[in-house]
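A.B. asks: compute the structure for the input listed below.
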Amino acid sequence: MKKNSYVGVAFIILIFGIYAIPKIVNKFKSPTLIEIGKIPNFEFNNQDGKLISNSFYEGKVYVIEFFFTTCPTICPKMNESMVKLQNEYYGNLDFGIASFSINPEYDTPKILKEYAQSHGATLKTWNFLTGDKTAIYNLANKGIALYAGENSDAEGGFEHSGMFALVDKKGVIRSRLDEHGNPIAFYDGLDPKGVQMIKEDIAILLKE
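C.D. replies: Next up, the predicted model:
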């Protein structure tokens, strides 16, 4: 190979390195988790009939979802994703889950207890919560901005978001940024990529 050819190859390698190295570094760099907003105060009964409020989650990183036990569509998939998060951080007392029923008139503590047992929810810090419907809907739609509502035309009679909210130890909703630098706000509980992202970001918040 001629000298000029060696120089050309070296130049190509140099240029590739300049552009590739930052991408490789960014791939392994932990995402920055920004603050979205504070979780409003709440107080509801869990599957054991115990009153659970924000104070239960103080000092814990936790994930919030809205669901109902008779949901025939997305809820089973959402709770399957939650079980994966449970299993990933099982035994870590600084991690928790809050699943709020949007059909509290049917979803009594007894029903929620049966649902938790049948769906593999064994984490002691996983609360299935029920109570005043108006308070739950206000928390979902106004306090967190995860949609929940009644709709007689929808399967099961209710509609709700399939997204998860990630909350830090201080009760603040946190999220990573997308590729354009915008906050994703919430994590898709129906998408394996969304579940993987929230799993990674839980680990980051647990270290804070």
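A.B. asks: in the chain, which ranges drop under the pLDDT threshold?
C.D. replies: Scanning the chain for pLDDT under 70 picks out the ranges 1-29.
A.B. asks: the residue nearest the centre of it bridge partners, please.
C.D. replies: Nearest residue to the geometric centre of the chain (Cα atoms, centre = their mean): F164, 3.4 Å. For F164, the beta-bridge partners under DSSP bridges are Y187.
A.B. asks: got it, and the one 10 residues further on?
C.D. replies: The partner list for R174 in beta bridges (DSSP bridges) reads E35, L166.
A.B. asks: does it touch D201 like I think?
C.D. replies: Yes: between R174 and D201 there is a contact at 7.2 Å, judged by Cβ atoms under 8 Å. Every C-beta, even on glycine, is put in place using the N, C-alpha and C of the backbone.
A.B. asks: residues contacting L85?
C.D. replies: V63, I97, V195, I198, K199, I202 (Cβ atoms under 8 Å, 6 or more residues apart in numbering).
A.B. asks: what's the burial count for the fourth one?
C.D. replies: By that I understand I198. 25 (other Cβ atoms under 10 Å).
A.B. asks: kindly report the same for the fifth one.
C.D. replies: When counting by other Cβ under 10 Å, one arrives at 16 neighbours for K199.
A.B. asks: where does the residue nearest to the centre of the chain sit relative to E105, distance-wise?
C.D. replies: 24 Å (Cβ to Cβ, to the nearest Å).
A.B. asks: and if you look at M197?
C.D. replies: 34 Å.
A.B. asks: the more surrounded of those two?
C.D. replies: Ranked by neighbour count (other Cβ under 10 Å), M197 and E105 place M197 first, with 19 against 8.
A.B. asks: enumerate every residue touching the more buried one.
C.D. replies: So M197 contacts R176, I184, Y187 (Cβ under 8 Å, 6+ apart).
A.B. asks: among the residues you listed, who's most crowded?
C.D. replies: Busiest of these [other Cβ under 10 Å] is Y187, holding 24 neighbours.
A.B. asks: touching, it and V167? I think so.
C.D. replies: No: look at Y187 against V167 with Cβ under 8 Å: they stay out of range, at 11.6 Å.
A.B. asks: I64 contacts V167, correct?
C.D. replies: Yes: using Cβ under 8 Å, I64 makes contact with V167 at a distance of 6.4 Å.
A.B. asks: residues shared between the contacts of these two?
C.D. replies: I39.
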